[in-house]
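Engineer: just coords:
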């Protein structure tokens, strides 16, 4: 009997409403649309992480109530484009003049070794 159990972890979960379009694709290429599901998240715990401004131009500020140990920036294709090690601060100014306009994902690792992801957008004014 085949396994009919599926799971997915959303590393870019936001507070508030999160929308998911579910489509199943079988091995033979047939698809079945399962519609849109809405998940409401009230609280992800006491931890907070802010990026501002977003969208940004030449710099973006990172602020957290935990000490940030490292920051990694990924392109929308998932390619690592920038990494800052040994941040060791709860606030950090990330200079982005070397990045072109587009969507990026930032991975923050805190002092406890936990990782958090956030989508940000660079625009050129």
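Structural biologist: Now that the structure is in, tell me what you want to look at. Note that this is a predicted model, so its numbers are computed, not measured.
Engineer: domain-wise, how is the protein divided?
Structural biologist: 9-44, 49-122 (automatic domain parsing).
Engineer: tell me where this structure has strands.
Structural biologist: 16-25, 31-41, 49-52, 59-75, 80-84, 89-95, 102-110, 115-122 (DSSP state E).
Engineer: nearest to residue 10 among those would be which one?
Structural biologist: Closest to residue 10 of the strands of the chain is strand 16-25 (C-beta to C-beta; 6.9 Å). All C-beta atoms are positioned from the backbone trio N, CA, C, and that covers glycine.
Engineer: in its sheet, what does that closest one sit against?
Structural biologist: Each strand paired with strand 16-25, and its direction, by DSSP bridges: strand 31-41 (antiparallel).
Engineer: returning to that earlier point: out of the domains of the chain, which one sits most buried?
Structural biologist: Highest mean neighbour count of the domains of the chain: domain 49-122, a mean of 14 (counted as mean count of other C-beta atoms under 10 Å).
Engineer: mean confidence for it?
Structural biologist: The pLDDT scores in domain 49-122 average 91.
Engineer: between the two ends of it, what distance do you get?
Structural biologist: 18 Å (C-alpha to C-alpha, to the nearest Å).
Engineer: same question for stretch 24-35.
Structural biologist: OK, stretch 24-35 end separation, C-alpha to C-alpha: 10 Å.
Engineer: give me the distance from it to the chain's centre.
Structural biologist: On the basis of C-alpha atoms, centre = their mean, to the nearest Å, stretch 24-35 sits 27 Å off its chain's mean C-alpha point.
Engineer: give me the residues contacting that stretch.
Structural biologist: 21-23 (C-beta atoms under 8 Å, 6 or more residues apart in numbering).
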